[in-house]
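Colleague: Predicted model and sequence follow; I will ask about them next.
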Amino acid sequence: MLDDLLPAISPETIQSFFALAIGFAFAGLCASGYRLFSTRLPSFRLLEVGPVPARFAAIPLLMFSAPFIIMRNTLRHRRLERRRAEIVMVATVIAGFWSLLSGNVVVLLLSVLFNV
């Protein structure tokens, strides 16, 4: 029975699942690393405060930690503001696509660095 299901999963699908997982893991790693060196959580407001060089330095951090920030804010506001499930679903899909794209970038960078 398991042999019937295995050929249906293409290698590209498995690679996409791994990229999605790596994207979410790297987003959590970036957000936790920022929290380790700072006293506050990362947020999109990093683009609004501070001097201009600090704002530009926050762009790569926010590019890769955005799925974590989106999901954290969504789940927090779901409990506090009683948001509808449809809004949570849309935010989850956006965070998932963002994680898939950033996971592909991380996998590509790792393959270039390690010459795989």
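Modeller: Ah, there it is.
Colleague: where does the residue most central in space within the chain land on pLDDT?
Modeller: Centroid-nearest residue in the chain: residue 67, 3.1 Å away (criterion: CA atoms, centre = their mean). In this model, residue 67 is scored at 94, pLDDT.
Colleague: roughly how far apart are it and residue 37?
Modeller: Using CB to CB, to the nearest Å, residue 67 is found at 20 Å from residue 37. (Each C-beta comes from the backbone N, C-alpha and C, glycine too.)
Colleague: Likewise for residue 17?
Modeller: Residue 17 is 31 Å from residue 37, where distance means CB to CB.
Colleague: more neighbours, the two?
Modeller: residue 17 (13 against 6; other CB atoms under 10 Å).
Colleague: Just the element for that one, please.
Modeller: Under the criterion of DSSP states H and E, residue 17 resides in helix 11-37.
Colleague: pLDDT weak spots in the protein?
Modeller: 1-7, 116 (pLDDT under 70).
Colleague: what separates residue 93 from residue 47, distance-wise?
Modeller: 23 Å.
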